[in-house]
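Novice: got a structure for you, letters missing:
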């Protein structure tokens, strides 16, 4: 299963886990996932990259509030917390 499939089935928690994992050494595949998670988070906060895939844009429309500015802080502020 690739990360976009996990995103579709797992929701915002999949993004949070990918961003949390970014705080340590990553292999290339994990680094790619962390970058994708950061781009999804950016899109949820109103700053989508120019090449956001249609299925991800649909996910952002449906679930973006879960990772909006209040659902995801900076790493220095405790990481992506989702209101936890």
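Specialist: In hand now; what should we look at? Note that the structure is predicted; figures quoted are calculated from it, not measured.

Novice: going forward, measure contacts and count neighbours with C-alpha atoms only.
Specialist: Fine.

Novice: any low-confidence regions in this protein?
Specialist: Scanning the chain for pLDDT under 70 picks out the ranges 1, 68-84.

Novice: which helix is the longest one in it?
Specialist: Looking across the chain with DSSP state H, the single longest helix is helix 28-44.

Novice: Flag every buried residue along the following helix or strand past that helix.
Specialist: Next in sequence after helix 28-44, counting helices and strands by DSSP states H and E, comes helix 54-63. Buried positions in helix 54-63, judged by neighbour count with 16 or more other Cα atoms under 10 Å: 56-57, 59-60.

Novice: for stretch 4-11, same thing?
Specialist: 4, 7, 11.

Novice: So which of these belong to helices?
Specialist: Using DSSP H, the members of the buried residues of stretch 4-11 that fall within helices are 4, 7.

Novice: Quick one: the buried residues of stretch 4-11 as a markdown table, columns for distance to residue 40 too.
Specialist: Listed next are those as a markdown table, based on distance: Cα to Cα, whole Å:
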| residue | distance to residue 40 |
| --- | --- |
| 4 | 10 |
| 7 | 10 |
| 11 | 11 |
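
Novice: Can you get me the start-to-end distance on stretch 4-20?
Specialist: End-to-end distance for stretch 4-20: 17 Å, by Cα to Cα, to the nearest Å.

Novice: Can you give me the buried ones in stretch 9-18?
Specialist: Result for stretch 9-18 [16+ other Cα under 10 Å]: buried residues 11-16, 18.

Novice: and residue 41, how many residues sit next to it?
Specialist: Around residue 41 there are 26 other residues, counting by other Cα atoms under 10 Å.
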